[in-house]
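Enquirer: please work out how this folds:
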Amino acid sequence: MTAPDTRLDALRGSTARLPYNARSLAALENNPRCSLRAVLDASGSDKQAIAKAAGYETHYGQSVFAITRGNSFEAMVKDNGGTELLRVLRETLKLDPSEVAHADLNEVSGDPTPSVRYTRACHRLVAVARGEEQGTLFDHPMLMLTVGGHRAFLEPDLVAFRVRGKFHVVEIKSFPIIDRQANPDLVRSATTQAAAYIIALRAMLAEHGIGPTAVSDEVVLVAPKNFSNRPTGEKIDARKQVRNLTRQLQRLEKISDLVDKLPAGLTFDLSDGASGERAKEDLQKALSSVESDYRPSCLNHCEMAFFCRSKARACGSVDVLGPAVREQLGGIDTVTMALGLARGELTPTADQAEMAAALRHAARLRAELAVTPAAGAR
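Expert: Numbering: from 1, shown residues only. Alright, predicted model coming up:
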């Protein structure tokens with residue numbers, strides 16, 4: 001075991017390492033500057049349990065209803081030999097009926113072991129990519145990525161192979177596409193999740209000398225059309241998500257640089273070393289010793305969001321106002337500083353002069369509106 005692994009195990013403490021999956025990998029792309037998230041993920045720590053123990057429990061994740069609906073929709077799409085799925089893919093990828101051949105890679109002779117399934121999927125997909133075998137639709141192939149020195153097995157809904165030489169990752173989701181538009185947050189999440197599959201599939205093929213162009217940057221999203229349960233498909237460009245997630249994975253490979261800067265003896269263990277639970281205040285102190293980068297969007301994808309929001313509020317960080325406001329207030333890091341400049345109580349630096357003038361103007365307008373009677377008031 002390497003020194004960084006030993007240090008990461010110490011950070012995690014007595015709990016078992018949580019394996020990565022596509023959803024947790026996708027969450028990395030949402031906030032690449034957060035050191036706390038990077039450390040917790042690299043160590044395999046249970047963020048949900050840690051947040052609860054620190055007094056900031058979240059209910060992040062899919063509801064039972066959403067999971068049930070998603071599974072039901074996927075089963076319907078693939079029912080009857082995948083009749084509806086084939087129709088959607090023919091329309092979306094312009095497949096001819098003669099080009100369709102289906103392979104179920106869900107199990108290998110009844111053996112569901114991820115490593116066994118990965119070996120089978122690798123053999124089949126590489127053979128198809130080389131033109132040695134025929135195949136178009138591959139159901140639940142097992143893919144793999146090495147993340148921070150640890151293997152992460154990933155299982156996409158489907159990989160469709162187009163005769164023109166491209167693999168396409170297919171994501172089946174139960175949220176609707178209405179007039180060819182869907183909830184942008186849900187689409188972004190699905191696309192980022194699919195980006196993890198694209199990276200993993202390219203890594204698999206690269207081990208056998210097959211270049212990245214064999215895997216398309218376009219993801220096929222299959223979802224209910226309008227207000228019906230009839231599936232439709234849309235191609236989504238995932239290049240941005242692939243680039244961002246690749247950078248985050250490379251960052252985790254260099255996690256030792258970040259770990260070396262952490263306080264000696266730091267741990268997120270939920271046990272106090274004896275038989276009792278760790279004091280809430282002590283765990284909060286440990287978490288606060290690692291730099292975090294809170295954004296309002298963290299509430300949608302990170303179990304530590306409530307803790308980081310509380311920390312940002314306590315220090316008056318403008319992060320709680322969102323990235324758009326933070327960018328406009330470039331060089332002004334706290335709400336206290338912004339208010340001081342707006343009231344003329346602080347002298348701005350050269351870099352802050354333009355924004356300080358804008359803040360003072362906004363403050364004057366606000367003051368005038370506060371004392372001006374509303375139109376029509378008696």
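Enquirer: residues contacting the one helix or strand residue 369 maps to, please?
Expert: In this structure, residue 369 sits in helix 353-371 according to DSSP states H and E. With contact meaning Cβ atoms under 8 Å, 6 or more residues apart in numbering, helix 353-371 is reached by 328, 329, 330, 331, 332, 338, 341, 342, 343, 344, 346, 348. (Each C-beta comes from the backbone N, C-alpha and C, glycine too.)
Enquirer: now with 10 Å, please.
Expert: 328-332, 337-344, 346-349, 352 (Cβ atoms under 10 Å, 6 or more residues apart in numbering).
Enquirer: going along the chain, name the strands of this protein.
Expert: Here the chain has its strands, by DSSP state E, at 102-104, 137-139, 143-147, 150-154, 158-162, 166-172, 218-224, 231-237.
Enquirer: wait, which of the ones you listed is closest to residue 24?
Expert: strand 150-154 (8.5 Å; Cβ to Cβ).
Enquirer: buried residues in the closest one?
Expert: Judged by neighbour count using 16 or more other Cβ atoms under 10 Å, the buried positions of strand 150-154 are 152, 153, 154.
Enquirer: just those now: which is nearest residue 248?
Expert: Residue 248 lies nearest to residue 152 out of those, by Cβ to Cβ, at 13.0 Å.
Enquirer: next one: phi and psi at the nearest residue to that closest one once chain neighbours are set aside?
Expert: In space, not counting the residues next to it along the chain, residue 152 is nearest to residue 20; the distance is 3.6 Å by Cβ to Cβ, 6 or more residues apart in numbering. The phi/psi pair for residue 20 (degrees, to the nearest 10) reads phi -70, psi 150.
Enquirer: next: residue 345.
Expert: Dihedral pair for residue 345: phi -90, psi -20, per degrees, to the nearest 10.
Enquirer: residues touching it, list them.
Expert: Contacts of residue 345 were listed using Cβ under 10 Å, 6+ apart, and they are 336, 337, 339.
Enquirer: ditto for residue 310
Expert: By Cβ under 10 Å, 6+ apart, the contact set of residue 310 is 54, 55, 56, 284, 288, 294, 320.
Enquirer: quick check: it vs residue 54, distance?
Expert: Distance of residue 310 to residue 54, computed by Cβ to Cβ, to the nearest Å: 10 Å.
Enquirer: swap in residue 265?
Expert: 18 Å.
Enquirer: the more surrounded of the two?
Expert: The residue with more neighbours, out of residue 265 and residue 54, is residue 54; 24 against 7, by other Cβ atoms under 10 Å.
Enquirer: before we move on, the earlier item: now the contacts of residue 345 as a markdown table including pLDDT, distance to residue 187 and neighbour count?
Expert: Below are the contacts of residue 345 laid out as a markdown table (pLDDT from 0 to 100; distance: Cβ to Cβ, whole Å; neighbours: other Cβ atoms under 10 Å):
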| residue | pLDDT | distance to residue 187 | neighbour count |
| --- | --- | --- | --- |
| 336 | 80 | 38 | 15 |
| 337 | 82 | 37 | 20 |
| 339 | 79 | 37 | 14 |
